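Undergrad: Here is my input, please return the structure:
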Amino acid sequence: MLRVGSALKGYAITASDGEIGTVADLLFDDTTWKVRWLVVDTGSWLTGRKILVHPSAIGKADYLRQVFSVSLTKAQVRDSPNILEDQPVSRQMQDGIFKHYGWDPVWGGSQFERGTTESPLEPSHNLDAALRDATSYQAHLAHEDRDLRSMDTVTGYHCHASDGAIGHVQDFLIDDRFWAISYLIIDTRNWWPGQHVLVSPYAVKKVNWSDSQIEFSVTREQVKASPAWEPLDVIDQVYEERLHNHYGWPGYGW
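TA: Below is the predicted model:
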């Protein structure tokens, strides 16, 4: 099911022997649009400390109570590598976390492979498209410092079609089965008042991180003619297929 990214902030994270904190942010890979880490604020338990939890550790999600249960103990979390406040999550830091927990660093596919069914705790045979094109996984890791982006930071980025501005990033829709960003929610208020549209990462042509801008390979007319969507609407497969057919995007393996 698709979940609004910002709505996941504040979810409690519970280990096998107690609560360890709440979700403060999500970090995603800017080439595959896969969520790689949940940033967890440990609150008063480990005062002033934030930790990273990999999506593969989530064993059960209770969306009614807003709780993620993870297959960890509080001792494992307490002894995990620390992340530095306001510093990029480095390759070395990620390597240390993977090693500490015994997690698979290439778990799962990208959002372009949503139909994959591998166990998240086992090595995947469907590596991300970006990894297939890399000379090796280590070559990809060498660039991973800059490939990880904060959803909090990207929210608000200005969005441009091929023929002009269309709005700004208001939020993200995440497929909770594969922890992949399926759509960016674009608020078009300054161009097309009162409207919100969904744009797939398929349409991302370029991201200017220093100027906080995203360029899409769509036109304004295509955006205006896209299937109507309201923030409270339930998105089903029929709607997604209509949306993808309208823009000519590949499907997500429905």
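Undergrad: tell me the secondary structure for the most centrally placed residue in the chain?
TA: Note on the chain: the residue nearest the mean C-alpha position is Val35, at 3.4 Å, using CA atoms, centre = their mean. Assigned with DSSP: H, G, I helix; E, B strand; the rest coil, Val35 falls in the strand class.
Undergrad: Please report how far the nearest residue to it once chain neighbours are set aside lies from Phe28.
TA: Excluding its sequence neighbours, the residue lying closest to Val35 (CB to CB, 6 or more residues apart in numbering) is Trp179, at 4.2 Å. All C-beta atoms are positioned from the backbone trio N, CA, C, and that covers glycine. With the distance defined as CB to CB, to the nearest Å, Trp179 ends up 9 Å from Phe28.
Undergrad: Find residues that contact each of these two.
TA: 34-35 (CB atoms under 8 Å, 6 or more residues apart in numbering).
Undergrad: Isn't the residue nearest to Val35 up against Pro55?
TA: Yes - at 4.0 Å, Trp179 and Pro55 qualify as touching, with contact defined as CB atoms under 8 Å.
Undergrad: Give me the residue ranges of this protein where confidence is low.
TA: For the chain, applying pLDDT under 70 flags the ranges 84-87, 106-146, 254.
Undergrad: what are the ranges of the helices in it?
TA: 74-78, 91-101, 129-133, 137-141, 144-147, 151-154, 220-225, 237-247 (DSSP state H).
Undergrad: Can I get the second one in PDB, CA atoms only?
TA: I take that to be helix 91-101. Only the C-alpha atoms of helix 91-101 are listed here, as PDB (Å, rounded to 0.1, in the frame of the first residue of the first chain):
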ATOM      1  CA  ARG A  91      29.900   5.000   3.300                       C
ATOM      2  CA  GLN A  92      32.100   4.000   6.200                       C
ATOM      3  CA  MET A  93      29.200   4.700   8.600                       C
ATOM      4  CA  GLN A  94      26.800   2.600   6.600                       C
ATOM      5  CA  ASP A  95      29.300  -0.200   6.300                       C
ATOM      6  CA  GLY A  96      29.800  -0.200  10.100                       C
ATOM      7  CA  ILE A  97      26.000  -0.400  10.700                       C
ATOM      8  CA  PHE A  98      25.500  -3.200   8.200                       C
ATOM      9  CA  LYS A  99      28.400  -5.200   9.800                       C
ATOM     10  CA  HIS A 100      27.100  -4.500  13.300                       C
ATOM     11  CA  TYR A 101      23.600  -5.900  12.600                       C
END
